[in-house]
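>>> Quick one: sequence and predicted model below, then my questions.
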Amino acid sequence: NGLTGRIDFENVFFTYEGAASDAVIKNINLTCMPGETVGIIGSTGAGKSSLVGLIPRFYDVTAGSVKVNGEDVKNINPRRLREKIAVVPQKTLLFTGTISDNLRWGKEDASQQEIEAAAKIAAAHNFIMAFPEGYQTRLGQGGVNLSGGQKQRISIARALVRKPAILIMDDCTSAVDVVTETKIRESLKKYVDNLTCLIIAQRITSVMDADKIVVLDNGEIIGIGTHEELMKSCAVYQEIFQS
Ligand code: M5T
């Protein structure tokens, strides 16, 4: 629908409604270009999830603006906006039904070929095919139990089925081993042209190869750059690296 994956945060502040405390996002200025992978790192409660939640309008800014493709998200038709943005949440939400049903959630008309292509990128195809019923395997009540990492990979594949222009991965590979996670990140680039990818993570290895990494602390950007740049310039980043 013509929306490319450019994102601009301009002087963005955000306070949760009814919260007694001050803003959880403070004066953020940040541009993510189509095709760019941007890592977001910072301690728990730093505001990482809140920040990315402003893009699909899970929340609305208190001041400033968030733009997608140069247009204020408040002026973009919500359906159109959400069609182009896929969020893989921190907490995986799979429902009782087949793997295929779960993958098609959000794009009911996806073909078998499309869901398999997405599952391959998310490193899920092989373990799915190892079940006797493959994509028709039932999950949840009366079905198989997947490991935490397998669930996360289904959740990533589900987001990819929609071929988003913007993919937001909110700490969604925490249970996936580093080697598999790296493979997923590398194959993502080939899957959607010019995909803008935002990766929130706790581990440095998840963001180390990003085009740029944003270090968030108490709602503010305290460092931005490549891994090499931040290792030289950002004490908090060095601390995370050493921990
Ligand atoms: C940032 C507060 C939270 C924290 C700050 C979701 C949510 C968060 N907060 C609220 O007051 N109400 C809410 O509904 O906002 O939280 P975050 O954006 O979740 O931080 P994070 O993503 O960096 O943390 P984590 O733990 O996911 O790495 O003060 O209390």
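Arrived safely, thanks for sending.

>>> So which residues on the chain come close to the ligand?
Tyr16, Ala19, Val24, Gly42, Thr44, Gly45, Ala46, Gly47, Lys48, Ser49, Ser50, Gln90 (Cβ under 6 Å from any ligand atom). For glycine as for every other residue, the C-beta is placed from the backbone atoms N, C-alpha and C.

>>> Quick check: the last one touching Ser49?
Yes - counting by Cβ atoms under 8 Å, Gln90 touches Ser49, with 6.7 Å between them.

>>> so what sits against both of those two?
Residues within reach of Gln90 and of Ser49 at once, by Cβ atoms under 8 Å, 6 or more residues apart in numbering, are Asp170, Asp171, Ile200.

>>> So which residues of this structure form helices?
Residue ranges of the helices in the chain, as given by DSSP state H, are 48-53, 78-84, 99-104, 112-121, 125-129, 148-161, 178-191, 227-233, 235-242.

>>> Please tabulate those in CSV, including the columns mean neighbour count.
Putting these into CSV (neighbours: other Cβ atoms under 10 Å) gives the following:
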stretch, mean neighbour count
helix 48-53, 22
helix 78-84, 15
helix 99-104, 22
helix 112-121, 19
helix 125-129, 16
helix 148-161, 23
helix 178-191, 15
helix 227-233, 15
helix 235-242, 15
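
>>> could those go into JSON lines alongside mean pLDDT?
Putting those into JSON lines (pLDDT from 0 to 100) gives the following:
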{"stretch": "helix 48-53", "mean pLDDT": "97"}
{"stretch": "helix 78-84", "mean pLDDT": "90"}
{"stretch": "helix 99-104", "mean pLDDT": "96"}
{"stretch": "helix 112-121", "mean pLDDT": "97"}
{"stretch": "helix 125-129", "mean pLDDT": "97"}
{"stretch": "helix 148-161", "mean pLDDT": "96"}
{"stretch": "helix 178-191", "mean pLDDT": "91"}
{"stretch": "helix 227-233", "mean pLDDT": "96"}
{"stretch": "helix 235-242", "mean pLDDT": "93"}
